[in-house]
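In: take a look and give me a structure for this.
(2 chains)
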Amino acid sequence: MSIPVRFEVNGKRVAIEVEPRLTLADCLRHHLRLTGTHVGCEHGVCGACTVLVDGDAVRACLMLAVQADGAKVVTIEGLSHDAHLTPLQAAFRRHHALQCGFCTPGMITTAHALLSQEPHCDAARVREVLSGNLCRCTGYVAIVEAVLAARADYQKNNGPGA
Amino acid sequence: MKANNALIGSPIERLEDLRFVRGRGEYVDDLTRAGLLHAAILRSSVAHGRLRSIDAEAARALPHVHSVFTAAEIANPVPIIPMRLHPLPELQPFEQPVMAFDKVRYVGEPIAIVLADSAALAEDALAAITVDLEPLAAVTGCGGSDVSLFDAQDTNLALTYKAVKGDAAAAFLDAPYKRREQFSVQRHTALPMEPRGLMAEWDAVRGRLTVWGAAKVPFFNRRILARQIGLPEASIELVENDVGGGFGARGEFYPEDFLIPFVAYRVGRPVKWIEDRREHLMAMNHARECECDIEIACRGDGTILALRGHAATNMGAYLRTNGAVAARNIVQFMSGPYRVPNIDLAASMWMTNKTPVGTYRGPGRFETDFFRERLFDMVAHDLGIDRVEFRRRNLIAASEMPYALATITPYEHRDELDSGDYQATLERCLEEIGWQQRIGRNGKEIDGRYHGLAVSCFVEGGAAGPKETARLVLEPDGSFSVYVGSSAVGQGLETAFAQIAGDALEVPLERIRGVFHGSTAHVSDGYGSYHSRAVVMGGSAILDAAEKLRARIRVEAAARFGCAPEQVELVAGGTAVGPQDKSMAFAELAGDGLSAEGTFLNTKHTWGYGAHAAYVSVDPRTGHVELIDYMAVEDCGRVINPLMLHGQVVGAVVQGLGGAILEHLVYDAHGQLLTGSLVDYLVPTASDFPSIRAQVMGTHPSPINPLGAKGAGEGGIIPVGGVMANAVAAALSKFGVEPRALPLTPPAIWQLIERARRDQRSLGSKIGGCRFSVQVLPSRSEAMAVARHPRPPELVDVPIEEIMQKYVGRFRDRKPDWAAFEDAKIEGYKRAQHRFIGAGGSGKHGDPTVIPAKNFTLSIMFVPPGQGNAPHTHEVEEVFFVLKGYLDVFIEDESGKRLTTRLAPWECISCPAGVIHGYQNDSLEPVYMQVMLGRGKPEAMGYTDDRLYEHRDAHLKAI
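Out: Down below sits the predicted model:
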């Protein structure tokens, strides 16, 4: 059985037909070939699949593609540019906040959502929000440092720094 | 080494980050091919059983299912996965077949593989396969059992490694001090964030089998696959893509590393398989499960004389490619950086019906350091020696190097610690953690939590040989490509190797076009990344290749200049200069490309070393361990990129904390894995351990490689279990709590505290307390007890049975009285009185259920959070003695000035007569406290509030 779904991904309109049981994560990765969003557990714990749906950070592995009908979805690809790194991405690089890179898109998407809504958040708040994104490589210290360092850009723009 | 050190040693931002932060990494699940089929694996849901039959017909008949393979369709005999490290012949019977054919031996063992048009459809088809299994009893523990996993073997004991040095038996015979203990470490796992996956394609036209998703040891895996599948190695290419973490577990040859290429080869279509996390938890190598019984002998001054004992490792159902490493390391490295002249240790590997075990960061070393460091703190305490001083006394001195470690059999392995200053890293660690400043709080209770400090020393062996290969290419545009046999698992090899190549070639970083790692196409003979070897082995191979390439460039330039190669000078930046001022840029000399392959051979390990310290606080009510501060100091020889190295250490420490406190793969008695998801298997999150600090020293370059580098990826995890357990023991020393098992979960610590409290209580009552038990007294005429003081008049001639009856009060017999005081009607003052001796301050004299009060009255108050009482005075002293919770007590003077202090359990205030006082429970938990008034029948409460004072007896009239 195939269900038609229409939504927006990274500013582009998408119209596809999917099985009801297809998750948003699988839809983005395999139907739309946006492989930056990663699947680490499929049960909503690790956060590697985090995308923005209508501005909120959401577990794409727990959402069905059909549920995205009419929504605006932003993935890591939509938070990136070819020509340069965003301030958040540059902060991650500067602080060595990634090693294998697998959790990184989820981390950056979550951090971007947090900083967009709370550009003055403190370290404890950053840790609390990022506690929903697992990383096995870095031990988190550098990730928290990078997110804190990126606050200035979000405070400056008073909105998303991307 | 080289004069030019522009790049090595610099905290250069990583090159691979440019794609990772954009989500442009290419992990195996990101790949696709035309005509791709998807594989799903049917795994055993029974831990031990005889496979009688498998019926896949219904599955095969499903639409969109291409084929189903069981052992019957694969080969006869089914290929067996050989061991890569320590492949002793006696271990062969315990190796794993690529698919179960007669028995299943663990939950998760592959039984069949389905190919379908999508992963979801392949998973659907698994449910249509019927498996007839005769279940057998499961063996889950180490030790003898009636049940044999392998019919041809009459034992589940695979092998015992021994570590011997000196004469331990003799040393124990006349040792002035000995201590023997049992410890255990729990089963846990590497858990990289990317689950495993493979994609394979057979190109019949070119006769080429390509496998994507390789990691860690692609060249070895190709060799195995070639043999199993019956193709020449040269026809197989293993491609290493971006890898989402390895930690020792990913990349070893698993059943799927045969099955996926095999089915692709057979069906002639590309096949992809990606495991989900549930599969991962039951199918990827487990690690660390080990128990030991060890004994230490010392002199009275703490000098270690000998170590002996026996460890048992729980291996799971099969010996995996590197399964024997942990057991071997446990016995070889129990002595660590310490001087132990006599050693007799054994480690037995026991097969059980659990997931097979492999290496995980610091294999065997994490476990053995936990055993050793726990023992050391116990010994120091016994001997009355400071724990730090004990370690100083026994650390190997630089002057004693090279220092021989115990000899391991089988495999007759001799290793020696080559260089280093262990005291220096210990002292630096103590300074950085603030040992002197904080030791005063060790074992003390502060704000309801007990604080503890501990330090631990370790060595990290790295740079396993025997060889590594690198190839450097000067491209036509003058840039360089670096090809290396080392494998990237996220540790930043592209950057580190670019730095090394850049310095070796004396060109800036931008001239390194790329570093290509791991894939079998890149070099002629690669070995991979394990045992912290990539930088040393791959890096040194790059140096060799650079030298050879520079020689080739000189030859090329010499030909153009018409001179001898020795007359050509290569100037930093990429120019060849010859006699008569002739010069040419490298790009002009490159032609279609110049390349050179280099190798590095090695038989000796490098030895990083250091010390870690932990400062914790423990909540005795919940067993929760809070890590207040953690300091890791390591000397890793020559540091290539300090930014990356710091990241390795911190990451390893946090993985170690997961192992010390959180992570546990739990099985039931039937061999069922109970922790099959990340909801049950807990790993550290960003909020768990905020304060981790690391310092890397590079004072002792390794003497065994031209870089002077040492392997450095595993040191961060090795001491964590030991130092955390010691910090908890130090915090709870008042209770005599001695953790002997990991993980240090809140229930585990709580139970240790409760047990210690019970032991202390029963010890106390045995010594001097009274217990009510009937004793047979000698008759009156023989021995009489003389009462030295007279009884009060009302008790003269009253039998002691009646006295016992009347003068004992138990909490369970009390009824909480919420109307004991007039102010207790008011919200904010609502509290319950349990009267024990007399009426307390309630005025409700004549309660027959209380003990008669003569000169004082005693009751227990229950004060819920947010409640308290109104300020008042008494005509006698009133004592508040807190038993549970936290109570803010205050006193006031008549000017209205109020002073408040918080009382914790076992703290009290005695308010003198006439001093205005009261209390408030401003915490989140209820308070239980004793209240004593210095009179048998005190007057009613002297409230400062006029209205309350006027009605101070009103509650009595309500009765």
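In: what ranges do the helices span in chain A?
Out: A:24-26, A:87-94, A:104-117, A:123-130, A:141-157 (DSSP state H).
In: would JSON lines of the ones you listed with mean pLDDT be doable?
Out: Formatted as JSON lines, the helices of chain A follow (pLDDT from 0 to 100):
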{"stretch": "helix A:24-26", "mean pLDDT": "98"}
{"stretch": "helix A:87-94", "mean pLDDT": "98"}
{"stretch": "helix A:104-117", "mean pLDDT": "98"}
{"stretch": "helix A:123-130", "mean pLDDT": "98"}
{"stretch": "helix A:141-157", "mean pLDDT": "95"}
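In: mind putting these in a markdown table, distance to B:Gly251 and mean neighbour count included?
Out: C-beta: built from backbone N, CA, C; applies to glycine. Below are these laid out as a markdown table (distance: least, C-beta to C-beta, whole Å; neighbours: other C-beta atoms under 10 Å in any protein chain shown):
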| stretch | distance to B:Gly251 | mean neighbour count |
| --- | --- | --- |
| helix A:24-26 | 25 | 25 |
| helix A:87-94 | 26 | 23 |
| helix A:104-117 | 21 | 26 |
| helix A:123-130 | 28 | 18 |
| helix A:141-157 | 25 | 20 |
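In: next, the contact list for the single nearest residue of the stretch 1-150 of chain B relative to chain A, please.
Out: Residue of the stretch 1-150 of chain B nearest chain A, by C-beta to the nearest C-beta: B:Gly23 (2.1 Å). Listed by C-beta atoms under 8 Å, 6 or more residues apart in numbering or on different chains, the contact set of B:Gly23 reads A:34-37, A:75-77, A:80, A:104-105.
In: the helices of chain A into a markdown table, with extra columns for distance to B:Glu289?
Out: Formatted as a markdown table, the helices of chain A follow (distance: least, C-beta to C-beta, whole Å):
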| stretch | distance to B:Glu289 |
| --- | --- |
| helix A:24-26 | 33 |
| helix A:87-94 | 36 |
| helix A:104-117 | 31 |
| helix A:123-130 | 31 |
| helix A:141-157 | 29 |
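In: re earlier: in contact with the closest residue to the residue of the stretch 1-150 of chain B closest to chain A other than its chain neighbours, which residues?
Out: Nearest-residue entry for B:Gly23: A:Gly36, 2.1 Å, with adjacent residues in sequence omitted and distances by C-beta to C-beta, 6 or more residues apart in numbering or on different chains. Applying C-beta under 8 Å, 6+ apart to A:Gly36 gives the contacts A:75-77, A:80, A:105, B:22-25.
In: pLDDT score for B:Ala748?
Out: Note for B:Ala748: predicted pLDDT of 96.
In: nope, B:Glu291 is what I meant
Out: 97.
In: and what of B:Pro778?
Out: At B:Pro778, pLDDT is 44.
In: B:Leu763 too?
Out: For B:Leu763, the model assigns a pLDDT of 64.
In: repeat for the one 10 residues further on
Out: Reading off the per-residue confidence, B:Ser773 sits at a pLDDT of 35.
In: cool, and B:Arg33?
Out: On the pLDDT scale, B:Arg33 gets 96.
In: tell me if B:Arg755 really is in a helix.
Out: Yes. If the criterion is DSSP: H, G, I helix; E, B strand; the rest coil, then B:Arg755 is within a helix.
In: how much space separates it from A:Arg136?
Out: Plainly put, B:Arg755 is 34 Å away from A:Arg136 if you go by C-beta to C-beta, to the nearest Å.
In: between those two, which one's more packed in?
Out: The residue with more neighbours, out of B:Arg755 and A:Arg136, is A:Arg136; 27 against 13, by other C-beta atoms under 10 Å in any protein chain shown.
In: shouldn't that one be in contact with B:Pro192?
Out: Yes. Counting by C-beta atoms under 8 Å, A:Arg136 does reach B:Pro192; the two are 5.7 Å apart.
In: shared neighbours, these two?
Out: Common neighbours of A:Arg136 and B:Pro192, using C-beta under 8 Å, 6+ apart, are A:100, B:245, B:247.
In: now the phi/psi pair for the closest residue in space to the last one that isn't next to it in sequence, please.
Out: This points to B:Phe247. Residue nearest to B:Phe247 in three dimensions, not counting chain neighbours: B:Ala190, with 3.7 Å by C-beta to C-beta, 6+ apart. Torsion angles at B:Ala190 (phi, psi; degrees, to the nearest 10) stand at phi -70, psi -40.
In: contacts only, for the most centrally placed residue in chain B.
Out: The structure's chain B has its C-alpha centroid closest to B:Gly659; by C-alpha atoms, centre = their mean the separation is 2.1 Å. If you count contacts by C-beta under 8 Å, 6+ apart, B:Gly659 has them with B:185-186, B:188, B:288, B:366, B:717, B:720-721, B:742-743.
In: so what's the single nearest residue of the stretch 401-550 of chain B relative to chain A up against?
Out: Residue of the stretch 401-550 of chain B nearest chain A, by C-beta to the nearest C-beta: B:Gly490 (2.6 Å). Shown in contact with B:Gly490 (C-beta under 8 Å, 6+ apart): A:99-102, A:137, B:243-246.
In: ok, of the residues you listed, which one's closest to B:Asp759?
Out: A:Cys137 (42.8 Å; C-beta to C-beta).
In: my guess is the closest one meets A:Cys100, correct?
Out: Yes. Counting by C-beta under 8 Å, A:Cys100 is a contact partner of A:Cys137 at 5.2 Å.
In: which residues do these two both contact?
Out: With contacts defined as C-beta under 8 Å, 6+ apart, the residues shared by A:Cys137 and A:Cys100 are B:193, B:245, B:490.
In: in a markdown table: those residues, plus secondary structure.
Out: Converted to a markdown table, those look like this (three-state DSSP):
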| residue | secondary structure |
| --- | --- |
| B:Met193 | coil |
| B:Gly245 | coil |
| B:Gly490 | coil |
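In: let me know the closest of those residues to B:Leu149.
Out: Of all these, B:Leu149 sits closest to B:Gly245, with 30.6 Å by C-beta to C-beta.
In: what count of nearby residues applies to the closest one?
Out: 24.
In: skipping adjacent residues, who's closest to it in space?
Out: B:Pro192 (3.0 Å).
In: return the residues of the stretch 551-700 of chain B in contact with chain A.
Out: Residues of the stretch 551-700 of chain B found near chain A (C-beta under 8 Å from any C-beta of the partner chain) are B:643-644, B:646-648, B:650-655, B:677-679, B:683-690, B:692.
In: what's the PyMOL line that selects buried ones from the residues you listed?
Out: Selecting the buried subset of these in PyMOL, with 16 or more other C-beta atoms under 10 Å in any protein chain shown as the burial test, is done by:
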select buried, chain B and resi 643+644+646+647+648+650+651+652+653+654+655+678+683+684+685+686+687+688+689+690+692
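In: which of the residues of the stretch 551-700 of chain B next to chain A fall within helices?
Out: Those of these lying in helices (DSSP H): B:643-644, B:646-648, B:650-655.
In: got these as TSV, with pLDDT columns?
Out: Output for these, formatted as TSV (pLDDT from 0 to 100):
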residue	pLDDT
B:Leu643	91
B:Met644	92
B:His646	94
B:Gly647	95
B:Gln648	94
B:Val650	97
B:Gly651	97
B:Ala652	97
B:Val653	98
B:Val654	98
B:Gln655	98
